[in-house]
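**Student:** Here's my sequence, what's the structure:
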Amino acid sequence: MVELKNEKIAIPIVLFAGILWSFGPLVVRYMDDPNMVPWQYIFGRGLTIFIILNLYLYFEEGINFYKNYKKVGRSGLIGGCGLGVAMVSFIYSITNTTAAITLLCLAAMPFFTAILAFLFLKEKISINVWVSIILASIGIIIMAVGNTEKNSLLGFFFGILSSIGFSIFSVTLRWRKETPKFTTVAIAGLFCFLFASIVILATQQSFFSSSYNSSMFSLHGLLVCFGLILYSIGSKAIQAAELTLLSLTEVIGGIFWVWLPIFGINEIPTTNTIVGGFFLFVSIVYYSLIMRWNKRHIALN
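**Tutor:** Residues are numbered from 1 along each chain as shown. Sure thing, here's the model as predicted:
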């Protein structure tokens, strides 16, 4: 893997990774009736992620890249399944509520991660982190109150479930730090591919949607993979505080693209979403300042 130690170069690389991810909600909005073909989406996106990441590992490590799967262990399997659940929940969230709600739910991931690490890894949570969690909870509750419609509330629920799935992935990486990260993500893609295949076969659906939709499924998978590769290159040179803040480009960008009139979606966040999002952003900035004081680093190998 490319070794990057210059923070001035790493920051724009990570920013660009977040921008790539931020186009995901826009891609979903451009699909034809994605709520009618969720399993075909999960099948196509999962297969793309699995293939692209394994090709990347092959070019990085050579023919012996497959040995990473022998090192995965329980942590990698649980993390891969957790990430797979997050990917499955994402499509059900964003097709039942606004992109803003889905993305803001995902922004709460650091706090779910802290709670899960506290419960399962016995990691201590400082008073300052509890303050961040409480602020984030207030924001989430405000957003939930504003989603009284049945479908919108369902989308909010799946957004929270997706965030928890990503948190499970993060906690498993802390549990066993030598677990191959990219291989774990590839397992998540395989999980989506296999799970979607079982559902499609059981319900006697077609494996593929229209050629247009299938290309959009794959495009979203490519955005995820290329963003992940860039993020991994830049993450080693950046402190966890900066990474937490830089990751907000995905949230801000995702909300902006679906609102920007030029793209033709015109999805305007509700007042509750804006107020709840404000609390969530304040909690993330506060959380990032705490991490900066601790001078922690996070790297995705």
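**Student:** Report the residue spans of the stretch 201-301 of the chain with pLDDT below the cut-off.
**Tutor:** 235-236, 238-245, 291-301 (pLDDT under 70).
**Student:** Next, please give the residue ranges for the strands of it.
**Tutor:** Taking DSSP state E, counting those that start in this stretch, the stretch 201-301 of the chain contains no strands at all.
**Student:** Which residue of the protein lies farthest from its centroid?
**Tutor:** Gln204 (29.6 Å; C-alpha atoms, centre = their mean).
**Student:** give me phi/psi at that residue?
**Tutor:** Main-chain torsions, Gln204, degrees, to the nearest 10: phi 60, psi 40.
**Student:** One more: Ile125?
**Tutor:** phi -110, psi 120.
**Student:** And for it, the neighbour number?
**Tutor:** 14 (other C-beta atoms under 10 Å). Glycine gets a C-beta too; all of them are placed from N, C-alpha and C.
**Student:** quick one: it from Thr113, how far?
**Tutor:** Between Ile125 and Thr113 the distance is 11 Å, computed by C-beta to C-beta, to the nearest Å.
**Student:** Next: Leu106.
**Tutor:** Taken as C-beta to C-beta, the span from Leu106 to Thr113 is 12 Å.
**Student:** for Val28, same thing?
**Tutor:** Taking C-beta to C-beta, one finds Val28 at 25 Å from Thr113.
**Student:** which stretches of the chain form helices?
**Tutor:** 7-22, 24-30, 38-61, 73-94, 99-107, 109-120, 127-145, 150-175, 181-202, 211-235, 240-246, 248-259, 271-294 (DSSP state H).
**Student:** Need the winner for burial among those.
**Tutor:** helix 99-107 (a mean of 27; mean count of other C-beta atoms under 10 Å).
**Student:** Show me what that one is packed up against.
**Tutor:** Helices and strands touching helix 99-107, as assessed by 3 or more C-beta pairs under 8 Å, 6 or more residues apart in numbering; DSSP states H and E, comprise helix 24-30, helix 73-94, helix 127-145, helix 150-175, helix 248-259, helix 271-294.
**Student:** surely Ser93 meets Ser152?
**Tutor:** No - using C-beta atoms under 8 Å, Ser93 is not in contact with Ser152, being 10.3 Å away.
**Student:** what do these two both touch?
**Tutor:** Ile101 (C-beta atoms under 8 Å, 6 or more residues apart in numbering).
**Student:** and stretch 104-113, how far from the chain's centre?
**Tutor:** Centroid separation for stretch 104-113 versus its chain: 10 Å, with C-alpha atoms, centre = their mean, to the nearest Å.
**Student:** what's the first-to-last distance across that stretch?
**Tutor:** 15 Å (C-alpha to C-alpha, to the nearest Å).
**Student:** what's that stretch in contact with?
**Tutor:** With C-beta under 8 Å, 6+ apart, stretch 104-113 has contacts from 90, 93, 132-133, 136-137, 139-140, 143, 156, 159-160, 162-164, 166-167, 170-171, 244, 248, 250-251, 273, 276-277, 280-281, 283-284, 287.
**Student:** related to what we said a few turns ago, any idea which of the helices and strands packed on helix 99-107 gets closest to Phe120?
**Tutor:** With C-beta to C-beta, the closest approach to Phe120 among these belongs to helix 150-175: 6.4 Å.
**Student:** Report the angle between the closest one and helix 127-145.
**Tutor:** Relative orientation of helix 150-175 with respect to helix 127-145: 160 degrees, computed using axes from the mean of the first three to the mean of the last three C-alpha atoms, to 10 degrees.
**Student:** picking that back up, distance to Phe118 added to the helices and strands packed on helix 99-107, as CSV?
**Tutor:** Formatted as CSV, the helices and strands packed on helix 99-107 follow (distance: least, C-beta to C-beta, whole Å):
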stretch, distance to Phe118
helix 24-30, 30
helix 73-94, 17
helix 127-145, 9
helix 150-175, 10
helix 248-259, 24
helix 271-294, 14
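**Student:** Can you tell me which of the ones you listed is nearest to Ala10?
**Tutor:** helix 248-259 (14.1 Å).
**Student:** ok, back up a step: reformat the helices of the chain as TSV; add distance to Ile265.
**Tutor:** Listed next are these as TSV, based on distance: least, C-beta to C-beta, whole Å:
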stretch	distance to Ile265
helix 7-22	13
helix 24-30	5
helix 38-61	18
helix 73-94	12
helix 99-107	8
helix 109-120	24
helix 127-145	20
helix 150-175	16
helix 181-202	25
helix 211-235	14
helix 240-246	25
helix 248-259	4
helix 271-294	15
